[in-house]
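Novice: what shape does this take:
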Amino acid sequence: MPEAAETPAEIQARIVKRRQDLKVTLEEIGVRVHPDTLVGDAKARVAATVDQTAGRAFVAVNRGVSTARAQLISADGAPRLDRVIPAAVLTVAIAGLLVASTRRRRR
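Specialist: Prediction:
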């Protein structure tokens, strides 16, 4: 069965509807390409990247501290002197060398 032909009023109503749809679409495009929107989107991406990087750095530092703590402190919480004393001596020696090197450069 063939479809009935549209009346001029139906055609006009369809044109008005399409114009409204196009207007909404163009307004959405205008908002998306507006400089403030683009800047806001860029800021959000940068903030997300910084948050992700800071989170990774925190995890890495936390892992390093936990590893160092496990090496220097026993399971019951007492310091492992067999490891703490050599580490402290090494740290003091390096600091002393740095101080001596700095003083030599100044002379």
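
Novice: distance check, F58 against Q52.
Specialist: 11 Å (C-beta to C-beta, to the nearest Å). From N, CA and C alone the C-beta is placed, and that goes for glycine too.

Novice: give me the mean pLDDT for stretch 42-61.
Specialist: For stretch 42-61, the mean per-residue pLDDT is 94.

Novice: quick one: distance of that stretch to the chain centre.
Specialist: Taking the mean C-alpha point of stretch 42-61 and that of its whole chain, the gap between them comes to 2 Å (C-alpha atoms, centre = their mean, to the nearest Å).

Novice: how about stretch 94-106?
Specialist: Relative to the centre of its chain, stretch 94-106 is centred 39 Å away, using C-alpha atoms, centre = their mean.

Novice: residues contacting it, please?
Specialist: Contacts of stretch 94-106 with the rest of the structure, by C-beta atoms under 8 Å, 6 or more residues apart in numbering, involve no residue at all.

Novice: for stretch 37-53, same thing?
Specialist: Contacts to stretch 37-53, defined as C-beta under 8 Å, 6+ apart, come from residues V31.

Novice: start the count at 627 instead of 1 going forward.
Specialist: Got it, the first residue is 627 from now on, which makes the last one we talked about stretch 663-679.

Novice: what's around R709, how many residues?
Specialist: Close neighbours of R709, defined as other C-beta atoms under 10 Å, add up to 13.

Novice: equivalent analysis for T633, please.
Specialist: A count of nearby residues for T633, using other C-beta under 10 Å, gives 9.

Novice: tell me the pLDDT of it.
Specialist: pLDDT, read off for T633, is 93.
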